[in-house]
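**Student:** here's my sequence, what's the structure:
(one chain, ligands or ions: 1)
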Amino acid sequence: MRYAVLGTGIVGRTIAGKLSSLGHEVVIGTRDPEVTLVRTDPDPMGNPPFAVWHADHGDVRLLTFAEAAGSGDTVLNATAGTVTLAALEAAGAANLTGKVVIDVANALDFSQGTPPLLNPVNTDSLGEQVQRAFPDAKVVKTLNTMNCFVMVDPARVPGEHTVFVCGDDADAKEAVTELLTSFGWPESSVIDLGDISAARGTEMLLPVWLRLLGVLGHADFNFHIQVARTST
Ligand code: NAP
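**Tutor:** Numbers count the residues shown, from 1 in each chain. Okay, here's the model as predicted:
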């Protein structure tokens, strides 16, 4: 498969690296490849600049958002949630048409400091905004409720734990579930929450996730939904 990962942050890199290690053809999208490659400062979370990662992942071509989206059969959005719509506009609606668009972003708004606000929230979600803005794309929201290293290596967290998927297209969700399985997620860990409006719920888990990060002091944890064998 040919994957276009939009986003050069730690999430885009981690997922692109995993996809590449699984033998997929992967490109990674950015606003301006030259600018991205000459950055020398770590990101606000202390991750090294993109070029450091890219030196070890020369097989993953760095392209503009539009070039990347155009060359992928499946597009994965790993851009900052507050600019996701702008990034996907730059990718171009025509380059998303008919494609599965996996959305792992969270609309965390740090404009008023920390903890961040969620925007949109309650009556809307980023997943829905993306689907509305690009009606010919098949948006599947998934993996946004955990750290990126857990996304691609669920065994970092012992035992069974949960990854949610939601979206309007059943075939797209099936394809994404297959991809998750290839990342190491047992099918029994995947919970399909239904249509894309369920992204409201998964995105609204973020305040709990962020609080857990503070309490636990690290990000190797995840939500686990346990279901009783029988209900009364
Ligand atoms: P990030 O810093 O949130 O986003 C980086 C990407 O956003 C870059 O590709 C950057 O483009 C793009 N961007 C920034 N400003 C832009 C603008 N004005 N217009 C268009 N694009 C712009 O990266 P991240 O920390 O890897 O997170 C990616 C997403 O995953 C976020 O939505 C985050 O909430 C979500 N998420 C993160 C984790 C995690 O483990 N950190 C877990 C779950 C979900 P350039 O490449 O041009 O700089």
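**Student:** give me the residue from the protein nearest the ligand.
**Tutor:** G9 (2.3 Å; Cβ to the nearest ligand atom). C-beta coordinates here come from the backbone N, C-alpha and C atoms, glycine included.
**Student:** these two touch, right, that residue and N47?
**Tutor:** Yes - using Cβ atoms under 8 Å, G9 is in contact with N47, at 7.4 Å.
**Student:** between those two, which is the more surrounded one?
**Tutor:** Remark: of G9 and N47, G9 carries more neighbours, 17 against 14, as counted by other Cβ atoms under 10 Å.
**Student:** excluding its backbone neighbours, what's nearest the most centrally placed residue in the chain?
**Tutor:** With distances taken as Cα atoms, centre = their mean, the residue of the chain nearest its centroid is V104 (2.2 Å). Nearest residue to V104 in three dimensions, chain neighbours excluded: L143, at 4.5 Å (Cβ to Cβ, 6 or more residues apart in numbering).
**Student:** contacts only, for the one you found.
**Tutor:** L143 makes contacts with 102, 104, 151, 163, 180, as judged by Cβ atoms under 8 Å, 6 or more residues apart in numbering.
**Student:** the same query, at a cut-off of 7 Å, please.
**Tutor:** By Cβ atoms under 7 Å, 6 or more residues apart in numbering, the contact set of L143 is 104, 151, 163.
**Student:** what of L6?
**Tutor:** Contacts of L6 (Cβ under 7 Å, 6+ apart): 29, 65, 68-69, 75-79, 87, 91.
**Student:** by neighbours, which of those wins?
**Tutor:** Within the contacts of L6, G29 tops the neighbour count with 34 neighbours, counted by other Cβ under 10 Å.
**Student:** which of the three states applies to that residue?
**Tutor:** State at G29, reduced to three classes by DSSP: H, G, I helix; E, B strand; the rest coil: strand.
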